[in-house]
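>>> Give me coordinates for this.
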Amino acid sequence: MDLTINGEKPDSAIFDRDAFERLFFEHYKPLVAYAFGIINERQSAEDVVQDVFTSVWFRRGKIDLVYIRAYLYKQEKISRRWGIPI
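Next comes the predicted model:
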């Protein structure tokens, strides 16, 4: 997914609440489905994905938005594998 604002890719400095909400609504359900397919427990899958998005928000100035989809799935895998919040 390319996150765009007014047809342009934002740099991390302008990754604001609106951009984050668009990212969340586009990727939350697919990430939960991905995690659920592995964990096989809905609440745990949702918890892992929530941790991922919390991490994205707090690291928003440091994340390369060009690769945000790969980042989301990598963070979900790390969190799920090690059982720790990211």
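
>>> what does the helix or strand hosting Ser55 contact?
Applying DSSP states H and E as the criterion places Ser55 in helix 42-58. Here helix 42-58 makes contact (C-beta atoms under 8 Å, 6 or more residues apart in numbering) with 20, 23-24, 28, 31-33, 35-36, 39, 63, 68, 71-72, 75-76, 79-80, 85-86. All C-beta spots, glycine's among them, are computed from the backbone N, C-alpha and C.

>>> After that helix, which helix or strand is next?
Counting by DSSP H and E, what follows helix 42-58 is helix 68-82.

>>> What are the buried residues along that next one?
Within helix 68-82, the residues that count as buried by 16 or more other C-beta atoms under 10 Å are 68-69, 71-73, 75-76, 79-80.

>>> Kindly calculate the angle that it makes with helix 42-58.
For helix 68-82 against helix 42-58, the angle by axes from the mean of the first three to the mean of the last three C-alpha atoms, to 10 degrees is 130 degrees.

>>> so what does helix 68-82 touch, helix or strand wise?
Contacts defined by 3 or more C-beta pairs under 8 Å, 6 or more residues apart in numbering; DSSP states H and E place helix 68-82 against helix 17-39, helix 42-58.

>>> which of those helices sits most buried?
Among the helices and strands packed on helix 68-82, judged by mean count of other C-beta atoms under 10 Å, the one packed with the most neighbours on average is helix 42-58 (a mean of 17).

>>> mean confidence for it?
Averaged over helix 42-58, pLDDT sits at 88.

>>> I'd like the numbering to begin with 826 instead of 1 from here.
Noted, 826 is the first residue going forward, which turns the last one into helix 867-883.

>>> measure the residue most central in space within the chain to Val881 for me?
Central residue of the chain (C-alpha atoms, centre = their mean): Leu897, 3.9 Å from the mean position. Going from Leu897 to Val881 by C-beta to C-beta, to the nearest Å gives 7 Å.

>>> what's the burial count for Lys887?
Other residues near Lys887 number 8, with proximity taken as other C-beta atoms under 10 Å.

>>> just the one 4 residues further on next, same as before
Other residues within reach of Val891 by the criterion other C-beta under 10 Å amount to 11.
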